[in-house]
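Trainee: Here is my input; please provide its structure:
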Amino acid sequence: MKRENRVINEKMMIHIERNMTGGSSIYIIYHDRSSGKMQVAKPVTIEFGDWINEFKLPEPTMRMDGIFGKQFINAMGKALEKDGFQSTKEDQMEGRMNAMKNHLDDMRQLVFKDKVISQEKKNG
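Mentor: This next block holds a predicted model:
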């Protein structure tokens with residue numbers, strides 16, 4: 001029961017800030033609503049190393065327990081969406097919707113073109 005209450009009273013937020021050079025600053029903020037306490041993740045340096053054995057996964061870049069991991073992924077998704085990022089799935093859906101709209105516009109022109117011409121003949 002305490003674990004469930006903990007999830008309800010905690011919130012992870014991610015803020016993405018763009019800078020003038022095209023880079024980004026990412027803030028990971030943790031808010032414990034029950035105490036009102038807010039914390040921010042300490043700066044992290046991401047360093048790349050050689051991946052020697054392609055058949056064996058190296059140590060992960062980040063590890064988080066189930067609750068933090070889920071909150072982090074959800075918060076990152078919201079932050080990316082707010083920043084204007086669209087997933088490939090959303091891009092595909094937008095493309096399909098635009099194609100359908102264009103098709104409907106073409107069909108309207110074909111169907112209603114004859115009606116416009118007959119209306120002009122009546123009026124002309």
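Trainee: following the helix or strand containing His31, which helix or strand shows up next?
Mentor: Assessed by DSSP states H and E, His31 sits inside strand 24-32. Downstream of strand 24-32, the next assigned helix or strand under DSSP H and E is strand 37-40.
Trainee: list the helices and strands that next one packs on?
Mentor: Packing partners of strand 37-40 (3 or more CB pairs under 8 Å, 6 or more residues apart in numbering; DSSP states H and E): strand 24-32. In this view, the C-beta of every residue, glycine as well, is placed from N, C-alpha and C.
Trainee: The strand it packs on: how far from the chain's middle?
Mentor: Offset of strand 24-32 from its chain centre (CA atoms, centre = their mean, to the nearest Å): 16 Å.
Trainee: likewise stretch 43-59?
Mentor: On the basis of CA atoms, centre = their mean, stretch 43-59 sits 25 Å off its chain's mean C-alpha point.
Trainee: That one: end-to-end distance?
Mentor: Start and end residues of stretch 43-59 are separated by 20 Å (CA to CA, to the nearest Å).
Trainee: so Arg33 sits right up against Lys11, yeah?
Mentor: Yes: using CB atoms under 8 Å, Arg33 makes contact with Lys11 at a distance of 6.4 Å.
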